[in-house]
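*Asks:* just need the structure, nothing else, for what follows:
(one chain, ligands or ions: 1)
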Amino acid sequence: VKYAVFGTATVGRTIAGRLDELGHEVIMGTRDPEETVSRATQDAYGNPPWSAWSAEHPRVALPMFAEAAGAAEVLVNATSGTASVSVFSALPASSVDGKTIVDIANPLDFSGGMPPALDPVGTDSLGEQLQRAMPSARVVKTLNTMGAHIMVAPATLTGDHTVFVSGDDPAAKVEVAALLEEFGWPSGSIVDVGDITTARGTEMLLPLWLRLWGAFGNADFNFHIQR
Ligand SMILES: NC(=O)c1ccc[n+]([C@@H]2O[C@H](COP(=O)([O-])OP(=O)(O)OC[C@H]3O[C@@H](n4cnc5c(N)ncnc54)[C@H](OP(=O)(O)O)[C@@H]3O)[C@@H](O)[C@H]2O)c1
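*Replies:* Sure thing, here's the model as predicted:
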């Protein structure tokens with residue numbers, strides 16, 4: 001399977017790096033490859049410039065979003081949540097037709113300061129907005145409820161903990177569950193919550209996640225559903 005990971009920050013690099021390590025073909029997408037490559041300073045989260053990450057992952061190319069989408073079979077959304085709908089709406093329908101879109105983004109609005117607000121919230125979700133923007137694609141929301149380092153290495157935390165999947169297409173969710181298992185998630189930890197409207201619930205875990213992050217002082221934790 002050839003993956004295109006949209007987003008060159010913490011989540012995009014973490015997912016693309018893990019896919020590369022697992023031997024998958026992976027490319028990344030960005031707004032302006034030249035500008036991203038020429039950034040010389042750390043980003044807002046303290047990540048080194050793109051060139052440093054790229055030097056360690058020479059097989060991972062960095063075209064513009066549309067070119068990356070056209071070249072891949074599965075797309076991963078690791079763009080900032082307020083930009084995701086415009087990024088994916090701009091893609092030609094032919095480059096997303098029938099493809100699985102793994103949506104990891106959270107619609108966090110930082111314009112009012114910290115903690116960020118969720119927008120949309122309650123009666124809609126970013127997962128649904130993306131599915132509406134790309135009706136011929138198969139959007140699966142997952143991995144958005146934990147820190148990036150846990151997404152690809154769940155054994156970082158001892159004991160059982162949970163990853164949620166939401167989406168309208170059962171076959172796409174099976175594909176995504178198989179990818180999660182490749183990342184190291186035991187099948188019993190993968191909870192299929194239901195159709196894409198259930199992304200409302202997993203996105204609404206973010207206000208709690210952010211406050212726990214503040215309380216614990218680090219992101220080394222995850223949610224665990226005990227039945
Ligand atoms: N950080 C985490 O541990 C974590 C955990 C769970 C979920 N998430 C979610 O995952 C997503 C990625 O998070 P992140 O921390 O890696 O980085 P981020 O800063 O939220 O997003 C960075 C990416 O978004 C793109 N972007 C930003 N503004 C844009 C715009 N106006 N138009 C088009 N693209 C734009 C950037 O594109 P360029 O490459 O062109 O600069 C960059 O690739 C977010 O939605 C976040 O809520 C993050």
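
*Asks:* V165 belongs to a helix?
*Replies:* No. Using DSSP: H, G, I helix; E, B strand; the rest coil, the secondary structure at V165 is strand, not a helix.

*Asks:* burial count for the closest residue to it other than its chain neighbours?
*Replies:* Nearest non-adjacent residue to V165, counting by C-beta to C-beta, 6 or more residues apart in numbering: T142, 4.7 Å away. Where you see a C-beta, it was placed from the backbone N, CA and C, and this is true even at glycine. When counting by other C-beta atoms under 10 Å, one arrives at 28 neighbours for T142.

*Asks:* and this protein, which of its residues are near the ligand?
*Replies:* Residues of the chain found near the ligand (C-beta under 6 Å from any ligand atom) are 7-12, 30-31, 36, 78-81, 83, 87, 104-106, 108, 144, 147-148.

*Asks:* T36 - that's part of a helix, no?
*Replies:* Yes. T36: assigned to a helix according to three-state DSSP.

*Asks:* show me what the residue lying closest to it once chain neighbours are set aside is bridged to.
*Replies:* Leaving aside its chain neighbours, T36 sits nearest to T30 (4.5 Å; criterion: C-beta to C-beta, 6+ apart). Beta-bridge pairing for T30 (DSSP bridges): M64.

*Asks:* pretty sure T30 is touching M64, no?
*Replies:* Yes. Counting by C-beta atoms under 8 Å, T30 touches M64, with 6.8 Å between them.

*Asks:* between these two, who's got more neighbours?
*Replies:* Taking other C-beta under 10 Å, T30 and M64 do not tie; T30 has more neighbours (22 against 14).

*Asks:* and that one, what's its pLDDT?
*Replies:* On pLDDT, T30 comes in at 98.

*Asks:* give the contact list for it.
*Replies:* F6, G7, T8, T36, L62, P63, M64, F65 (C-beta atoms under 8 Å, 6 or more residues apart in numbering).

*Asks:* so the closest residue to G147 other than its chain neighbours is in which element?
*Replies:* Excluding the flanking residues, the one nearest G147 by C-beta to C-beta, 6+ apart is A219, at 3.4 Å. Assigned by DSSP states H and E, A219 falls within no helix or strand.

*Asks:* low-scoring stretches of this structure, by residue?
*Replies:* Of all residues in the chain, none has pLDDT under 70.

*Asks:* mind listing the strands for it?
*Replies:* Listed in chain order, the strands of the chain (DSSP state E) span 2-6, 25-29, 74-77, 100-103, 108-109, 117-118, 138-142, 163-167, 190-194.
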